[in-house]
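Asker: Sequence and computational prediction follow.
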Amino acid sequence: MADLNRVFLVGRLTHDAELKYTTSNRAVCEFSIAINTPKKEGGQWKDEAMFINRISFWGERAEAVAEYLLKGKLVFVEGKLRMDEWEQDGQKRRMLKVVAFNVQILSSPRTDSTGGALSDKPFKKPDEKLPDDDLPF
């Protein structure tokens, strides 16, 4: 059987996504999500949060969705796991991260008790309507 490296995640953004560019001008959108899993503790159900702190999404599609990836939004991420390795202060370091192939926004940000969004940025709507087959995500 062949090896398989694929992940499917659904969670809420823990902060607004950051769009950066490499020295070769390639776009990368970086973000993190929290995934809540119900867990029974003593007769009551509570959410147990797992944080995925390193997700990167590359290219033109990353540029297209970056401004809409706001804190609190529910997103679907499809990608693969990658181990980053580097040396810092003479010690070898490793970190597991997700490289996304597909990112889809599933909902608006959660709101606080007054109805305000929990993000620092307002949700922006596109100026023009695109046909469904032209959507970048």
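Answerer: Yep, that arrived. Numbering: from 1, shown residues only.

Asker: Would you map the helices across the protein?
Answerer: With DSSP state H as the criterion, the chain has helices at 60-66.

Asker: which stretches of it aren't confidently modelled?
Answerer: Flagging of the chain using pLDDT under 70 yields the residue ranges 109-137.

Asker: quick one, strands of it?
Answerer: In the chain, the strands defined using DSSP state E lie at 7-13, 18-21, 27-41, 44-58, 74-88, 91-105.

Asker: Report the buried residues of the third one.
Answerer: Using 16 or more other CB atoms under 10 Å as the test for burial, strand 27-41 gives 27, 28, 29, 30, 31, 32, 33. Where C-beta positions appear, they are placed from N, C-alpha and C, glycine not excepted.

Asker: With respect to residue 17, which of the residues you listed is nearest?
Answerer: For those, the residue nearest residue 17 by CB to CB is residue 31; the value is 3.9 Å.

Asker: residues touching that closest one, list them.
Answerer: Neighbouring residues of residue 31 by CB atoms under 8 Å, 6 or more residues apart in numbering: 13, 14, 15, 16, 17, 18, 55, 57, 69.

Asker: Please apply the same query to residue 55.
Answerer: For residue 55, the contact set (CB under 8 Å, 6+ apart) comprises 30, 31, 32, 33, 77, 79, 97, 98, 100.

Asker: how far away is the residue lying closest to residue 79 once chain neighbours are set aside from residue 41?
Answerer: Distances taken as CB to CB, 6 or more residues apart in numbering place residue 100 nearest to residue 79, at 4.0 Å, with adjacent residues excluded. Summarising the geometry, the distance separating residue 100 from residue 41, computed by CB to CB, to the nearest Å, is 32 Å.
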